[in-house]
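Asker: can't give you the sequence, but here's the structure:
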Ligand SMILES: Cc1cc2nc3c(=O)[nH]c(=O)nc-3n(C[C@H](O)[C@H](O)[C@H](O)COP(=O)(O)OP(=O)(O)OC[C@H]3O[C@@H](n4cnc5c(N)ncnc54)[C@H](O)[C@@H]3O)c2cc1C
């Protein structure tokens, strides 16, 4: 490990002022420390943000919920407002990691966790995300867990988070604070596709700190589902996951939202696919049409063609579950 300095500021402004080239904020450390031990990340300064006042969950004036960036994944999943009003989010969080990890992992850190691409972790191999311009070992290598949608020549990695798939469907907002002040980023715009710059996972600029995640009023509590398909029963990252949310009028869908995890560099949504649900009876045929549209243009790699069919079936199953009522 590269030597690094360590600071533990008490105030947000202090933390931001301390940040410079080579700095990293550290929250739960469940991802950052692994990446440092593997020599993938080599920060020269760690800014421990655990003393910052970012642990509250509060109602917003608009009727939504503001979640501090340091609220742990466990606390969030079991918070009464979340289980009652946003069960989709609770279910997605609980589908990830382990109880011990969820106790440590923070809301902000979950958004910024690194990809689980084997080659990203293996510093003996080229990886454009780790070393821009070095090449992508996964394209022609082992690529069973990799992207089928939105990838580029330079990178086929996927975003590994479960929580983010639910936040995409809920259309959360990410609140950040940095040297240029505060701003709010729509969840859809927060993570990017790899394009020519796979080293950029998101739109945060140097020194920006996530301070909170805002949930809008609509939680789709009555009709939602999170389905995660993985290699073993628990404690694994998604091969494919689906967050589905419906607003129903009897057995007719007023509007629906679907996001996929494990298939792209960011949670994958498509407006045209969701429009296919509006005004339709909640039936397998309509779900299959939405699935087909959402997966249109999928470009599987040598080892992961199975993901296309897996995703298609998972979308239909998640929408069926959501139409039947929220699974709590
Ligand atoms: C064995 C294992 C299994 C896992 N399984 C799953 C799973 O199935 N599903 C899933 O979704 N996740 C899984 N995870 C990932 C886990 O959810 C993340 O490691 C965790 O959410 C990261 O949060 P953290 O607070 O520990 O982040 P840290 O490790 O502290 O930080 C992660 C990154 O975020 C940055 N950062 C942290 N907080 C902020 C902030 N407020 N503002 C700006 N930058 C910040 C850090 O600089 C760093 O780059 C697993 C992890 C492990 C180790």
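Answerer: Yep, it's here. If you're wondering where the values come from, they're calculated on a predicted model, not measured in any experiment.

Asker: Please count neighbours and contacts with C-alpha atoms only from this point.
Answerer: Noted.

Asker: can you list the domain ranges for the protein.
Answerer: As assigned by automatic domain parsing, the chain contains the domains 5-46, 224-324.

Asker: residues touching residue 238, list them.
Answerer: 160, 162, 228-231, 261-262 (Cα atoms under 8 Å, 6 or more residues apart in numbering).

Asker: Among the residues you listed, the buried ones, what's the ChimeraX command?
Answerer: Buried residues among these (16 or more other Cα atoms under 10 Å), as a ChimeraX selection:
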select :160,162,228,229,261,262
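
Asker: Let's have the contacts of residue 238 in TSV, adding secondary structure, distance to residue 125 and pLDDT.
Answerer: Compiled in TSV, these are given as follows (DSSP: H, G, I helix; E, B strand; the rest coil; distance: Cα to Cα, whole Å; pLDDT from 0 to 100):
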residue	secondary structure	distance to residue 125	pLDDT
160	coil	21	98
162	coil	27	98
228	strand	30	98
229	strand	28	97
230	coil	26	95
231	coil	25	93
261	strand	26	98
262	coil	22	98
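
Asker: Go back to the contacts of residue 238 and keep what's next to the ligand.
Answerer: 160, 162 (Cα under 6 Å from any ligand atom).

Asker: ok, of the contacts of residue 238, which one's closest to residue 85?
Answerer: Of all those, residue 85 sits closest to residue 162, with 18.2 Å by Cα to Cα.

Asker: before we move on, the earlier item: and of the contacts of residue 238, the nearest to residue 87?
Answerer: Distances from residue 87 to the contacts of residue 238, taken as Cα to Cα, are shortest for residue 162 (13.5 Å).

Asker: And the closest one, its phi and psi?
Answerer: The phi/psi pair for residue 162 (degrees, to the nearest 10) reads phi -90, psi -50.

Asker: Now do the same contact list for the most centrally placed residue in the chain.
Answerer: Centroid-nearest residue in the chain: residue 164, 2.6 Å away (criterion: Cα atoms, centre = their mean). By Cα under 8 Å, 6+ apart, the contact list for residue 164 reads 110-111, 267.

Asker: Most tightly packed of the domains of the chain?
Answerer: The highest mean neighbour count among the domains of the chain, using mean count of other Cα atoms under 10 Å, belongs to domain 224-324: a mean of 21.

Asker: Quick one: low-confidence residue ranges for the protein.
Answerer: For the chain, applying pLDDT under 70 flags the ranges 326-328.

Asker: Would you mind listing what in the stretch 1-150 of the chain touches the ligand?
Answerer: Residues of the stretch 1-150 of the chain lying close to the ligand (Cα under 6 Å from any ligand atom) are 24-32, 69, 96-97, 104-106, 108-110, 112-113.

Asker: if we go to 5 Å?
Answerer: Within the stretch 1-150 of the chain, the positions near the ligand by Cα under 5 Å from any ligand atom are 24-32, 96-97, 105-106, 108-110, 112-113.

Asker: Could you list which of these belong to strands?
Answerer: Per DSSP state E, strands hold the following members of these: 24-26.

Asker: wait, is residue 246 part of a helix?
Answerer: No - Residue 246: not assigned to a helix; according to DSSP: H, G, I helix; E, B strand; the rest coil it is strand.

Asker: Out of the contacts of residue 238, which is nearest to the ligand?
Answerer: Closest to the ligand out of these is residue 162 (3.9 Å), distances taken as Cα to the nearest ligand atom.

Asker: Name the nearest residue to the closest one, sequence neighbours excluded.
Answerer: residue 92 (5.4 Å; Cα to Cα, 6 or more residues apart in numbering).

Asker: Please apply the same query to residue 5.
Answerer: residue 45 (4.6 Å).

Asker: Pretty sure the one you found sits against residue 22.
Answerer: Yes - using Cα atoms under 8 Å, residue 45 is in contact with residue 22, at 6.3 Å.

Asker: For the protein, which segments count as strands?
Answerer: Secondary structure of the chain (DSSP E): strands at 5-7, 23-26, 45-48, 57-59, 65-68, 173-178, 181-186, 209-215, 224-229, 240-249, 252-261.

Asker: residues making contact with the fourth one?
Answerer: It refers to strand 57-59. 65-68, 71.

Asker: Pairing partners for it, with directions?
Answerer: strand 65-68 (antiparallel) (DSSP bridges).

Asker: Pull out the buried positions in the strand it pairs with.
Answerer: For strand 65-68, by 16+ other Cα under 10 Å, it's 65-68.

Asker: between these, which is nearest the ligand?
Answerer: So of the buried residues of strand 65-68, ranked by how close each gets to the ligand (Cα to the nearest ligand atom), first place is residue 68, at 8.7 Å.

Asker: Where do the helices of the stretch 1-150 of the chain begin and end?
Answerer: Remark: helices assigned in the stretch 1-150 of the chain by DSSP state H, counting those that start in this stretch are 12-18, 32-37, 73-78, 80-85, 87-94, 99-104, 107-111, 118-121.

Asker: sorry, back to before: okay if I get the contacts of residue 238 as TSV plus distance to residue 142?
Answerer: Below are these laid out as TSV (distance: Cα to Cα, whole Å):
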residue	distance to residue 142
160	17
162	23
228	22
229	19
230	17
231	16
261	19
262	16
